[in-house]
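[1] Show me how the following folds:
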Amino acid sequence: MIKEHIQKKQKAIKYKIVGIASTVFSRFGFKKATMDDIARAAGMGKSSIYYYFKSKEDIFEAVVKKEAHALSLELEEKVINVNDSPKNKIRNYTIIRMKYLKEMVNFYEALKNDYLGNLAFTERIRRKYDIEEQQTIKSILEEGVNQGTFNLTNTKFAALAFVTFLKGLETTMLIDEEFDMKSLEKNLDDILHILFYGMIK
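    The predicted model follows:
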């Protein structure tokens, strides 16, 4: 009983550190943020932080995994498990994905920052995220094919093409300050119309 209480308390402290570190990394970026910054923000001694996490990289990995998990849950709840048309699922997936990537600075940094590519865990996360995203899009496309909404012979390749399109769109959106969520939602139907029906009359 005592051991269980201690473990619960330690888990709560780790969760607190991860939450605070998320804000610190978002503010300074992984490279500039220090363990001193995290300890100061958490109101803890640096040695106490090291008791729960062996390094700054260890904390950042926990932060990124937390954000990635939150995005997966959001997409699952609001897109994948919703009784909606495959076309609407594709649209909602794109909007929610872009919205959360814009907010989840640390997860996006892990996906895109070349400097972070030197950290072993980032490559695992990038690979896992790519595979999961392609599988999710593929399942939505297959649902559309089965319902007669989409005319596709290779849903795996189509999913890869769509994910590639999303990555290009997210880069534009996060670099161009004028390209915000309102702009995305306003133009998304036109973009999806081209993807679904092509440009030829």
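
[2] elements contacting whichever strand or helix holds Q7?
    Here Q7, judged by DSSP states H and E, is contained in helix 2-28. For helix 2-28, the packing partners by 3 or more C-beta pairs under 8 Å, 6 or more residues apart in numbering; DSSP states H and E come out as helix 35-42, helix 46-52, helix 56-75, helix 105-112. No exception for glycine: its C-beta is placed from N, CA and C like everyone else's.

[3] For the last one, give me every contacting residue.
    Here helix 105-112 makes contact (C-beta atoms under 8 Å, 6 or more residues apart in numbering) with 22, 25-26, 29-30, 60, 63-64, 67-68, 71, 101-102, 116, 122, 125-126, 129, 170-171, 174.

[4] Next up, the contacts around F150.
    With contacts defined as C-beta under 8 Å, 6+ apart, the neighbours of F150 are P86, L141, G144, F196.

[5] now the most centrally placed residue in the chain, nearest residue through space, not along the chain?
    Closest to where the C-alpha atoms of the chain average out (C-alpha atoms, centre = their mean) is A68, at 4.6 Å. Sequence neighbours aside, F107 is the residue nearest to A68 in space, at 5.4 Å (criterion: C-beta to C-beta, 6 or more residues apart in numbering).

[6] so what's that neighbour scoring on pLDDT?
    If you check F107, the pLDDT there is 84.

[7] Check the gap between it and F121 for me.
    For F107, the distance to F121 equals 12 Å [C-beta to C-beta, to the nearest Å].

[8] Then Y197?
    Distance from Y197 to F121, by C-beta to C-beta: 41 Å.

[9] now P86
    Relative to F121, and taking C-beta to C-beta, P86 is found at 34 Å.

[10] cool, and I13?
    Distance of I13 to F121, given as C-beta to C-beta: 22 Å.

[11] and what of I131?
    16 Å.

[12] Pick out whichever of the two has more residues nearby.
    Counted by other C-beta atoms under 10 Å, I131 and F121 do not tie: F121 has more neighbours, with 16 against 10.
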